[in-house]
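Novice: Here is the input, now give the coordinates:
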Amino acid sequence: TRNLPLALLAVAAFSQAGNGTGTCGGPPPVIEDDGFDLWCGSRLCAWNVERGAIARVPTWAEGDPGVELIGDDVAIYQRSETSVECIRFDLVADVEETATVELEIDVLGDGSIDLVKQLPTTSWAPVSFRIGVDGIYQGMIFRLTKRGTGRAQLAQVEAEAAQDCTE
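Specialist: As a prediction, this is how the structure comes out:
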């Protein structure tokens with residue numbers, strides 16, 4: 001019984017391992033499935049399809065899938081309970097000129113879009129940007145939308161807390 005406090009301390013420490021930090025001690029992730037890697041059959045496990053259709057697609061790296069937004073009006077979303085002032089987004093995109101892909105953020109999850117960032121036309125190129133979020137809130141909804149007839153494929157989307165949004 002003398003070792004009971006030590007055992008409880010060890011259990012508490014292990015239960016908090018990684019809590020509040022990202023990979024290798026970096027900032028905590030803001031979204032789940034930072035790569036469109038987690039598929040539950042034909043749907044993404046961590047993202048919900050709001051409208052349109054999606055498909056798992058191969059990317060430049062074997063075994064590292066991406067997602068294609070299929071149709072002229074597509075939206076997928078994910079709710080995050082994270083509350084941060086600055087978010088750094090990194091992703092790899094293949095977006096044709098006849099498609100418009102945007103990241104929409106609904107800060108309070110109340111159905112009102114508070115921030116919009118349009119992704120550039122690219123051919124499997126990295127895209128990175130920071131978005132500042134003002135105010136006090138708990139959680140937000142991230143929505144990726146595609147409008148238009150062109151191809152839009154995304155991979156390796158990551159969102160994490162950043163220190164500075166003054167770019």
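Novice: Run through the helices of the chain in chain order.
Specialist: 4-15 (DSSP state H).
Novice: Tell me how many other residues crowd Asp90.
Specialist: Counted by other Cβ atoms under 10 Å, the residues lying close to Asp90 total 14. Just so you know, the C-beta spots here come from the backbone N, C-alpha and C atoms, and that holds for glycine as well.
Novice: Quick check: it touching Ala162?
Specialist: No: when contacts are counted by Cβ atoms under 8 Å, Asp90 is not listed as touching Ala162 (10.4 Å).
Novice: ok now do the most centrally placed residue in the chain, which residues does it touch?
Specialist: Most central in the chain under Cα atoms, centre = their mean is Ile31, positioned 4.4 Å from the mean C-alpha point. Neighbouring residues of Ile31 by Cβ atoms under 8 Å, 6 or more residues apart in numbering: 46, 78, 80, 142, 157-159.
Novice: Please flag which of these sit within strands.
Specialist: 78, 80, 142, 157-159 (DSSP state E).
Novice: just curious, which of those is nearest to Ile113?
Specialist: Phe142 (11.0 Å; Cβ to Cβ).
Novice: What's the local residue count around the closest one?
Specialist: Neighbours of Phe142 using other Cβ under 10 Å come to 21.
Novice: and what of Gly35?
Specialist: For Gly35, using other Cβ under 10 Å, the count is 17.
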